[in-house]
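1. Need coordinates for the following:
(one chain, ligands or ions: 2)
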Amino acid sequence: MSTPHNEAKKGDFAKTVLMPGDPLRAKYLAEHYLENVRQVNGVRGMLGFTGTYKGKEVSIMGSGMGMPSIGIYSYELYTEYDVENIIRIGSAGSIHKDVHIRDVIIAQGASTDSNFAHQYELPGTFSALSSYELLEKAVNCAKAKNVHYHVGNILSSDLFYHADVETNKRWQNMGLLGVEMESYALFCTAAYLGKKALTLLTVSDSLVNDEPDTTAEEREKTFTDMMEIALEIA
Ligand SMILES: O=P(O)(O)O[C@H]1O[C@H](CO)[C@@H](O)[C@H]1O
Ligand SMILES: O=c1cc[nH]c(=O)[nH]1
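-> Ligands and ions are numbered 1, 2, ... in the order given. This next block holds a predicted model:
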């Protein structure tokens, strides 16, 4: 059994999958933290791995960038591979003065400029939330590890480069913590299918404070607080 985007067989994925946008972050994490690790997907270079962490089976797979991409991979993991929990581990731009480079954001919910939820034909606006069970575990783990973290609302945007550079200010006025590009679609997909999802983000750059951006290599390999929280709660 496989899908157009995933060559893994039924049973190749653990019940919990950690999903960075970057497949090379998935590879780094698998190689540095998992034991008995094997590659289960390589279609389109969207690397997926399964192994054990402290004796527990865990999978890690890239999601690609943007809501169409995570929409495909998360739907297939939940429906074709019986995955129960997806924990996104991403990078984000800060849009809150108190949220600094390398801080961890634990997303309680996601707002969006995307049309992803229109497919459900709801008579209003859907609030996309993370799983409280996973969120509580992540908060407890972040506290125990003494990680500098924030819990709250984030923006999942269809746009990395926006024609109107002032647009983030309006989201900032609503108290949002950071901007990324996938979580709204992940939370919608989990809600629709009766599954669980959570997003952990490391702040890679700031749209509101004058702080130096992290490099591409740092985004791939050094966001270890977030990676370790995800592994601990998987
Ligand atoms: O670091 P990842 O997980 O890819 O997340 C963020 O980085 C990408 C943009 O640079 C988008 O995918 C955004 O959500
Ligand atoms: O989507 C993203 C991810 C990281 N940094 C940003 O500014 N936007």
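
2. going forward, measure contacts between C-alpha atoms and count neighbours the same way
-> Fine.

3. which element is the residue nearest to Q39 when sequence neighbours are not counted on?
-> Spatial nearest neighbour of Q39, excluding adjacent residues (CA to CA, 6 or more residues apart in numbering): F49 at 4.3 Å. Using DSSP states H and E, F49 falls within strand 48-53.

4. Can you spell out which helices and strands pack onto that strand?
-> Judged by 3 or more CA pairs under 8 Å, 6 or more residues apart in numbering; DSSP states H and E, strand 48-53 is in contact with helix 23-33, strand 35-41, strand 56-61.

5. try 10 Å this time
-> When contacts are defined as 3 or more CA pairs under 10 Å, 6 or more residues apart in numbering; DSSP states H and E, strand 48-53 sits against strand 16-19, helix 23-33, strand 35-41, strand 56-61, helix 224-233.

6. Can you list the buried residues in the helix or strand of the chain with the lowest mean pLDDT?
-> Lowest mean confidence among the helices and strands of the chain (mean pLDDT, DSSP states H and E): helix 216-221, at a mean of 87. Judged by neighbour count using 16 or more other CA atoms under 10 Å, the buried positions of helix 216-221 are R219, E220, K221.

7. how close does the most centrally placed residue in the chain sit to ligand 1?
-> By CA atoms, centre = their mean, the mean C-alpha position of the chain lies nearest to R88, the distance being 2.1 Å. Distance check for R88 against ligand 1: by CA to the nearest ligand atom, to the nearest Å, it reads 7 Å.

8. K169 too?
-> 18 Å.

9. can you tell me which residues contact that residue?
-> I95, H96, G175, L176, L207, V208 (CA atoms under 10 Å, 6 or more residues apart in numbering).

10. Could I get the phi/psi values of D158?
-> phi -80, psi -10 (degrees, to the nearest 10).

11. Show the contacting residues for it.
-> M65, G66, M67, P68, T112, D113, S114, N115, F116, E180, M181, E182.

12. hmm, try it at 6 Å
-> S114 (CA atoms under 6 Å, 6 or more residues apart in numbering).

13. so the residue nearest to Q39 makes contact with I60?
-> Yes: proximity of F49 to I60 meets the contact threshold set by CA atoms under 6 Å, at 5.2 Å.

14. Which one of these two is surrounded by more residues?
-> I60 (31 against 27; other CA atoms under 10 Å).

15. Using TSV, lay out the buried residues of helix 216-221 together with distance to N41.
-> Shown next, in TSV, are the buried residues of helix 216-221 (distance: CA to CA, whole Å):
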residue	distance to N41
R219	22
E220	19
K221	20
